[in-house]
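Peer 1: One predicted model, sequence on top.
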Amino acid sequence: MSNVYGYVRVSSQDQNEDRQLRAMRDWGVPRERIFVDKQSGKDFDRPKYRRLLRRLRRGDVLYVLSIDRLGRNYEEIQNQWRVLTREIGADICVLDMPLLDTRRGKDLMGTFIADLVLQILSFVAQTEREHIKTRQAQGIAAAHARGVRFGRPALPLPADFDRLAALYGEGRLPAREAARRCGMSTSTFYRKYKKYRREEACIKSKNSLAKKRRIKYTV
């Protein structure tokens, strides 16, 4: 007896899979047979998908909401389709594209149409992914040009950082202890200390240059 399964993928832990789960339930897929991966298709290392492949048998039916749930690019989508339909012998139903339902049109013409639609849609999925990445890169570059900074703002240094940095620089205070007193990790303390020394050297250099100029103009 054949079984029905569903596969759901969202590209990060922050995205919500409710829309895909609701579509699976509407088509009668039992919750215990819906496999959900919450990670990007970037490396295709998806544990629930691999578990699904081990469960599928010839004659089973797999539902996916859209073709791009199967892979990250044209080649990968084509490869997974081949694994599912030819090596395993399962049927696939792509819910947002009724033509991609291998249960229909088992004759030569039906297979030809499904393969043609698959190639077009998988190409479109890859092209759209590349366009999204390009738009993201352009948006980030434009934001940087406007002075926008991404990530969490840096925490202010403790009031006595100068004194602790000086003690560390003189070898009178271990880095671990200096970091503990600053309320930060040792690696963070090292990074802040190096930046502090660079800024200090820069200030000294500017002061020295200004002093030389004053002496020159005085003479």
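Peer 2: Done, it's in. Numbering: from 1, shown residues only.

Peer 1: May I have stretch 160-177 as PDB, with CA atoms only?
Peer 2: C-alpha atoms of stretch 160-177 as PDB (Å, rounded to 0.1, in the frame of the first residue of the first chain):
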ATOM      1  CA  ASP A 160      39.000  52.100  33.500                       C
ATOM      2  CA  PHE A 161      39.900  50.300  30.300                       C
ATOM      3  CA  ASP A 162      42.800  52.700  29.700                       C
ATOM      4  CA  ARG A 163      44.300  51.900  33.100                       C
ATOM      5  CA  LEU A 164      43.800  48.100  32.600                       C
ATOM      6  CA  ALA A 165      45.200  48.200  29.100                       C
ATOM      7  CA  ALA A 166      48.300  50.100  30.400                       C
ATOM      8  CA  LEU A 167      48.800  47.500  33.100                       C
ATOM      9  CA  TYR A 168      48.500  44.700  30.600                       C
ATOM     10  CA  GLY A 169      50.900  46.400  28.200                       C
ATOM     11  CA  GLU A 170      53.500  46.800  31.000                       C
ATOM     12  CA  GLY A 171      53.200  43.100  31.800                       C
ATOM     13  CA  ARG A 172      51.700  43.900  35.300                       C
ATOM     14  CA  LEU A 173      48.300  42.300  34.600                       C
ATOM     15  CA  PRO A 174      47.600  39.000  32.800                       C
ATOM     16  CA  ALA A 175      45.300  39.200  29.800                       C
ATOM     17  CA  ARG A 176      42.700  36.900  31.400                       C
ATOM     18  CA  GLU A 177      42.500  39.000  34.500                       C
END
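
Peer 1: Report the strands that pair with the helix or strand residue 6 falls within, each with its relative direction.
Peer 2: Applying DSSP states H and E as the criterion places residue 6 in strand 4-10. Strand 4-10 has the following sheet partners, assigned by DSSP bridges: strand 34-38 (parallel), strand 61-64 (parallel).

Peer 1: Touching that strand from outside, list them.
Peer 2: Residues outside strand 4-10 that contact it (Cβ atoms under 8 Å, 6 or more residues apart in numbering): 16-17, 20-21, 24, 27-30, 33-39, 41, 46, 48-49, 52, 55-56, 60-65, 69-70. For the C-beta atoms, the positions are set from N, CA and C on the backbone; glycine is no exception.

Peer 1: ok, now with 7 Å
Peer 2: Under the criterion Cβ atoms under 7 Å, 6 or more residues apart in numbering, residues 17, 20-21, 24, 28-29, 33-38, 41, 46, 49, 52, 55-56, 60-64, 69 lie in contact with strand 4-10.

Peer 1: For it, buried residues please.
Peer 2: 4-10 (16 or more other Cβ atoms under 10 Å).

Peer 1: Dump those into a markdown table; add pLDDT as well.
Peer 2: Rendered in a markdown table, the data for these read as follows (pLDDT from 0 to 100):
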| residue | pLDDT |
| --- | --- |
| 4 | 95 |
| 5 | 96 |
| 6 | 95 |
| 7 | 95 |
| 8 | 93 |
| 9 | 88 |
| 10 | 85 |
